[in-house]
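Novice: With the sequence up front, the predicted model follows.
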Amino acid sequence: MIVKYTDIENIETNDKYMNELFREAFFFDIETTGFSRNYSNIISITALLMEDNRYKVYQLYCEYKIDEKEILKYFKELIRSKKYVITYNGNNFDIPFVTDKCKQNDINLDLNLFIKIDLYSDMKINRKKIDIINLKLKTVEEYFGIKRCDTITGQDVLVLYEAYRIEPKKEFSQLILQHNYEDVYNLPILFKEIYNLYDKIIVFSNLVVKLNYSDFLFKKNILSSNYHIISSLEKNYIHRAFNFDLNLDIYSQVLRIDIPFKFYKDQKIGEFYYLNNEDFHIVNYTIIEGIKKNLIPLKLNDKVYNDNILIILESILRSIF
């Protein structure tokens with residue numbers, strides 16, 4: 001087993017929320033001999049995290065198949081105090097792979113118990129906003145201008161690892177570790193770039209709501225919206241009120257808010273969706289000339305008043321969280 005770590009420069013920004021999250025998180029990625037959790041093995045685990053008030057990248061490398069258990073035990077101790085796990089497509093591969101391998105090795109570690117932030121999921125949500133060929137990690141890095149030093153592919157990793165098992169040359173393991181290093185080292189940069197794609201991020205002490213205007217949907221007389229969130233709440237939360245319903249699911253990290261609205265239609269103004277401000281008490285919002293000021297416009301014909309909807313949603317959230 002090879003264990004190495006590197007002190008890196010501070011990854012924090014002027015964003016207080018993001019800094020606090022990074023300190024309580026670990027970024028990680030794995031290299032494996034295949035996709036099967038039963039028949040494939042871990043080659044390496046790379047994790048970026050704060051330790052002793054410094055950010056470090058740890059790399060754990062299996063020289064031999066029997067090293068896998070020791071590497072998993074080391075990894076468990078490394079992340080024991082963290083709250084968030086941040087990956088790129090880790091919900092589909094890295095997290096279930098490592099969790100299953102821990103079960104096979106009688107190690108009590110379930111990565112699903114951490115609050116999961118998968119940047120691949122965020123890219124899928126925002127893909128229509130940008131012109132990108134695919135959502136592979138290297139393609140996304142290139143789109144955001146993130147440059148790599150390593151030039152090998154995932155397939156090259158397998159070839160190099162097979163060569164290492166036959167003849168354990170240091171240059172083989174170094175190439176693999178460099179590739180895995182950059183997969184993880186770039187994740188904080190990617191995090192910042194991807195989160196800038198959202199139309200609005202609303203931050204509370206135990207909840208972050210990632211919001212796009214396309215999340216709004218008018219269904220009959222209900223303004224329905226589903227938002228991907230980051231929540232440290234320990235259980236699901238439901239709130240019923242006369243003017244809205246709120247449902248927060250901590251497992252899926254999705255927040256749903258349904259707001260009943262009123263509807264008016266005539267030949268003069270066309271279709272008009274609105275809320276009565278007597279139910280919300282909003283101070284500042286966009287009005288429409290010729291319509292009563294206590295009516296908050298949501299939609300007039302084809303025009304959606306996104307800012308008004310955002311103000312209502314933020315008011316609801318702040319009244320609860």
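Specialist: Noted; the coordinates are in hand. Numbering: from 1, shown residues only.

Novice: make it CA atoms for all contacts and neighbour counts henceforth
Specialist: Will do.

Novice: Give the buried residues for stretch 195-214.
Specialist: 195, 197-198, 203, 207-213 (16 or more other Cα atoms under 10 Å).

Novice: List the buried residues of stretch 2-17.
Specialist: Neighbour-count burial for stretch 2-17 [16+ other Cα under 10 Å]: Glu12.

Novice: contact partners of it?
Specialist: For stretch 2-17, contacts defined as Cα atoms under 8 Å, 6 or more residues apart in numbering pick out 18-19, 22, 54-63, 188-189, 203.

Novice: Now list the buried members of those.
Specialist: Of the contacts of stretch 2-17, these count as buried by 16+ other Cα under 10 Å: 22, 55-63, 188, 203.

Novice: So which of these are in helices?
Specialist: 22, 188 (DSSP state H).

Novice: Can you lay out the buried ones among the contacts of stretch 2-17 as TSV showing distance to Asn180 and pLDDT?
Specialist: Output for the buried ones among the contacts of stretch 2-17, formatted as TSV (distance: Cα to Cα, whole Å; pLDDT from 0 to 100):
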residue	distance to Asn180	pLDDT
Phe22	20	96
Tyr55	17	97
Lys56	14	97
Val57	11	98
Tyr58	11	98
Gln59	8	98
Leu60	10	98
Tyr61	10	97
Cys62	13	96
Glu63	15	95
Pro188	15	96
Val203	32	91
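
Novice: now the buried residues of stretch 195-214 as a markdown table including distance to Ala241?
Specialist: Formatted as a markdown table, the buried residues of stretch 195-214 follow (distance: Cα to Cα, whole Å):
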| residue | distance to Ala241 |
| --- | --- |
| Tyr195 | 31 |
| Leu197 | 32 |
| Tyr198 | 28 |
| Val203 | 22 |
| Leu207 | 20 |
| Val208 | 22 |
| Val209 | 20 |
| Lys210 | 23 |
| Leu211 | 22 |
| Asn212 | 24 |
| Tyr213 | 23 |
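
Novice: before we move on, the earlier item: hmm, which two among the contacts of stretch 2-17 are most spread apart?
Specialist: Using Cα to Cα, these span at most 43.6 Å, a distance reached by Glu63 and Val203.

Novice: which is the next helix or strand following the helix or strand of the chain with the lowest mean pLDDT?
Specialist: Using mean pLDDT, DSSP states H and E, strand 262-266 stands out as the lowest-scoring helix or strand of the chain, at a mean of 89. Counting by DSSP states H and E, the element after strand 262-266 in chain order, helix or strand, is strand 270-276.

Novice: just the buried residues of stretch 195-214 now: which is nearest Ile130?
Specialist: Distances from the buried residues of stretch 195-214 to Ile130 were compared by Cα to Cα; the smallest belongs to Leu197, at 8.8 Å.

Novice: Isn't the closest one up against Ile125?
Specialist: No. Assessed by Cα atoms under 8 Å, Leu197 is found out of contact with Ile125, at 9.6 Å.

Novice: if you go through the protein in chain order, where are the helices?
Specialist: 16-23, 68-78, 94-104, 119-126, 137-143, 154-166, 170-185, 187-195, 306-320.

Novice: Redo these as a markdown table? Include distance to Glu278.
Specialist: As requested, the helices of the chain are exported to a markdown table (distance: least, Cα to Cα, whole Å):
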| stretch | distance to Glu278 |
| --- | --- |
| helix 16-23 | 33 |
| helix 68-78 | 53 |
| helix 94-104 | 48 |
| helix 119-126 | 34 |
| helix 137-143 | 46 |
| helix 154-166 | 59 |
| helix 170-185 | 50 |
| helix 187-195 | 34 |
| helix 306-320 | 12 |
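
Novice: Quick check: which of these is nearest to Glu234?
Specialist: Comparing these against Glu234 with Cα to Cα, the closest turns out to be helix 306-320 (15.8 Å).

Novice: as a whole number, average confidence for that closest one?
Specialist: Mean pLDDT, helix 306-320: 94.

Novice: Please apply the same query to stretch 229-244.
Specialist: 94.

Novice: What is the distance between that stretch and the centre of its chain?
Specialist: Distance, stretch centre to chain centre, for stretch 229-244: 19 Å (Cα atoms, centre = their mean, to the nearest Å).

Novice: Go through it and flag the buried ones.
Specialist: 229-232, 244.

Novice: sorry, back to before: what's the offset of the least confident helix or strand of the chain from the middle of its chain?
Specialist: Using Cα atoms, centre = their mean, the offset of strand 262-266 from its chain centre is 39 Å.
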